[in-house]
Each structure stands twice: as C-alpha cells, then as structure tokens.
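Colleague: Generate coordinates for the sequence data below:
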Amino acid sequence: MTTYGTIPAELPPSSDLIFRAREQIRSGLGSQKQWKEMIKIQAISLPSHLNDSIRRIRTNATYFRMNYLNLVLFLLFLTLLLHPVTLILLVIMTGAWLFLYFLRDNPVSFEGVVIDHRTMMTALLLVTIATLLLTDVIDNVIFGVSFGLGVVLVHGAFRSTDDLFFGDEEEANRSSELRHHAREAAPLPLKNAASSS
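Modeller: Next comes the predicted model:
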C-alpha cells in the first residue's frame with residue numbers, strides 16, 4: 001500500500017524549530033508601531049520641565065518599546081560593523097543560545113546522551129563568559145548599547161506624547177501605571193514641616 005499524496009501528521013523537528021522561531025519573531029514584531037508615527041516631526045517639542053521629560057520617556061518607552069528595541073539592536077549592529085571579529089563571535093553565541101536553549105522544548109541529546117536544560121544553560125553561560133573575557137567583545141557591546149540607549153532617551157524626552165493612542169488595553173494599563181508612578185515621584189509641598197513627637 002502506497003501513501004503518495006498524503007500529508008504527514010507531524011513536521012520534522014528541524015522545521016518545527018524554524019516554525020516556532022518564525023512565530024515568536026512575528027508575535028514580537030507585531031506590536032511594533034509605524035516608523036512614520038515614531039519619527040513625526042510635528043510631535044518633536046521641548047519638555048516644559050524635568051518631570052515632563054521623565055513622563056515622556058516612560059510613555060514613549062511603553063508605546064514604542066519594539067521600535068526602540070529594534071533601533072538599539074540596529075545601532076549595536078552598526079557599531080559592531082567596525083569590529084567584524086566581535087560581530088562574528090556575537091552571531092555565533094546568539095545562534096548557540098537560540099538553537100541549543102531558547103527555541104528548544106526537549107533536552108539536547110548527543111550520541112545517546114541526554115543533556116538537560118540546566119547543564120546546557122551552564123555550559124552556554126561559561127562559554128559566553130569566556131568569550132567575553134578573552135576578547136574585547138564586552139567593550140564594543142557596552143559602547144553600542146550605550147549609544148543606542150542614548151538615542152532612545154533623547155527621542156523619548158523630545159517626542160510629545162499628546163498624539164499617542166493606546167489601542168491595546170494592556171498598553172493602556174501599563175501607561176496609566178507609569179503615569180501614576182510619575183505622579184508619585186513628583187515632589188509634593190509639605191504643609192506642616194514640624195513633627196508631632
């Protein structure tokens with residue numbers, strides 16, 4: 001009996017891994033806002049005071065979080081282009097972490113020996129630390145991330161939040177929670193400075 005034309009019930013493990021990685025990336029990028037909205041020239045203005053700039057940074061960080069993450073990663077990539085060895089090492093380490101730990105549900109088996117998640121994480125962590133210490137990768141990464149965070153902070157402070165629309169209820173709750181914390185952090189004048197004791 002032949003089974004030509006039938007669809008297999010299960011996908012091979014390699015395609016399942018690629019499918020899950022693609023879905024996780026799509027779900028993460030799905031919450032990204034339009035770049036036109038982020039770089040809107042009409043929304044750039046000076047904050048009135050320090051608390052206003054902090055409130056803007058918090059609100060913009062909530063609203064544009066995926067855009068900011070992509071911007072920091074892109075700027076990190078650009079700074080690492082000047083150091084190709086560092087870039088190659090980071091790509092190798094990121095691939096090792098993704099395929100050996102983050103995108104895997106079942107433990108890794110090598111020639112019949114099953115390696116559990118804790119052992120794999122410990123081995124990857126030791127190799128990552130050794131790579132960072134034996135090369136100048138950490139200096140380049142710190143510079144790239146610091147540069148990216150600086151750009152994000154400047155954009156967050158100068159981008160007005162008046163025209164932002166929080167359509168997702170989770171984002172709206174997170175933004176209102178951030179506004180509540182910003183109000184609590186604002187200095188309040190004391191009515192009576194003397195204590196009763």
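Colleague: Can you tell me what sits against the longest helix that the chain contains?
Modeller: In the chain, taking DSSP state H as the definition, the longest helix is helix 137-158. If you take Cβ atoms under 8 Å, 6 or more residues apart in numbering as the criterion, helix 137-158 is touched by 38, 44-47, 53, 56-58, 60-61, 64, 68, 71-80, 83, 86, 89-90, 131-132. For the C-beta atoms, the positions are set from N, CA and C on the backbone; glycine is no exception.
Colleague: try stretch 96-115
Modeller: Surrounding stretch 96-115, the residues in contact under the criterion Cβ under 8 Å, 6+ apart are 17, 20-21, 24, 116-117, 120-121, 123-124, 127-128.
Colleague: May I see those residues organised as CSV, with neighbour count added?
Modeller: Below are the contacts of stretch 96-115 laid out as CSV (neighbours: other Cβ atoms under 10 Å):
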residue, neighbour count
17, 16
20, 14
21, 14
24, 13
116, 10
117, 14
120, 17
121, 14
123, 15
124, 16
127, 14
128, 17
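Colleague: Show me just the buried residues among the contacts of helix 137-158.
Modeller: Among those, those classed as buried by 16 or more other Cβ atoms under 10 Å are 38, 47, 53, 56-58, 60-61, 64, 68, 71-72, 75-76, 79-80, 83, 86, 89-90, 131-132.
Colleague: I appreciate the help and will end here.
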